[in-house]
Each structure stands twice: as structure tokens, then as C-alpha cells.
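Peer 1: need coordinates for the following:
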Amino acid sequence: MTVVSLMQVVMLVPLSVGGIGLRDVSFVVLAGMFGVETNKAIAATIAPYPIVIFYAVVGWLISSRLVKSRVSEPLG
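Peer 2: Here you go, the predicted structure:
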């Protein structure tokens, strides 16, 4: 829990887009302080990316369909 809290604070530093990179490095360093191997820490920090991308694509598809349906409706 301490690692995640500190990682969230590091992500607030405006040095990268969305905290990507800072989050990963800070997690690897902080988890290493608690005895987690580097390979396992890297895998743990990268694992959520495909899920986030999947939900972003689903949201984009739903949003684009809603916009298309509103644009194609007649005004009146």
C-alpha cells in the first residue's frame, strides 16, 4: 500500500504525459526497497496497460457511435 501511495505522488510531477514512465520507474524502485525482484515489479507495472487500452477503445467506439447518431438525426 505504501508503494502505491508514493507512486501516485510521483505521478503528479509534470514531467511526462499521464505519468507514464515515472510511474513505472518509481514502482520498480519502491518495490525493490521491499524486496520485490526487478522483473516482477516491471511485469506488475506493465500488466494493467492492455486493460486500460481496451476500455479506452471501447469507450471511444461507444462515444463515436453516439456522436454519429446525433449528427445524422434531423434538426426539427
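
Peer 1: who's in contact with residue 57?
Peer 2: Contact partners of residue 57, counting by CB atoms under 8 Å, 6 or more residues apart in numbering, are absent. Heads up, the C-betas are built off the backbone N, CA and C, glycines and all.

Peer 1: which SSE is it in?
Peer 2: Assigned by DSSP states H and E, residue 57 falls within helix 49-72.

Peer 1: what would that helix look like as CSV? C-alpha coordinates only.
Peer 2: Extracted as CSV, the C-alpha positions of helix 49-72 are listed here (Å, rounded to 0.1, in the frame of the first residue of the first chain):
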residue,chain,number,x,y,z
TYR,A,49,-1.8,-1.3,-19.8
PRO,A,50,-3.7,-3.7,-22.1
ILE,A,51,-6.8,-3.5,-19.9
VAL,A,52,-6.7,0.3,-19.8
ILE,A,53,-6.2,0.5,-23.6
PHE,A,54,-9.1,-2.0,-24.2
TYR,A,55,-11.5,0.1,-22.1
ALA,A,56,-10.3,3.3,-23.8
VAL,A,57,-11.0,1.8,-27.2
VAL,A,58,-14.5,0.5,-26.1
GLY,A,59,-15.3,4.0,-24.8
TRP,A,60,-14.1,5.6,-28.0
LEU,A,61,-16.2,3.3,-30.1
ILE,A,62,-19.3,4.0,-28.0
SER,A,63,-18.7,7.7,-28.0
SER,A,64,-18.1,7.8,-31.7
ARG,A,65,-21.4,5.9,-32.4
LEU,A,66,-23.3,8.3,-30.1
VAL,A,67,-21.9,11.3,-31.9
LYS,A,68,-22.7,9.8,-35.3
SER,A,69,-26.2,9.1,-34.4
ARG,A,70,-26.8,12.6,-33.1
VAL,A,71,-25.3,14.2,-36.2
SER,A,72,-27.4,12.1,-38.6
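
Peer 1: pLDDT of that helix, averaged?
Peer 2: Taken as a whole, helix 49-72 carries a mean pLDDT of 82.

Peer 1: show me what counts as buried in that helix.
Peer 2: With burial defined by 16 or more other CB atoms under 10 Å, not one residue of helix 49-72 is counted as buried.

Peer 1: what of stretch 22-34?
Peer 2: 22, 23, 24, 26, 27, 28, 30, 31.
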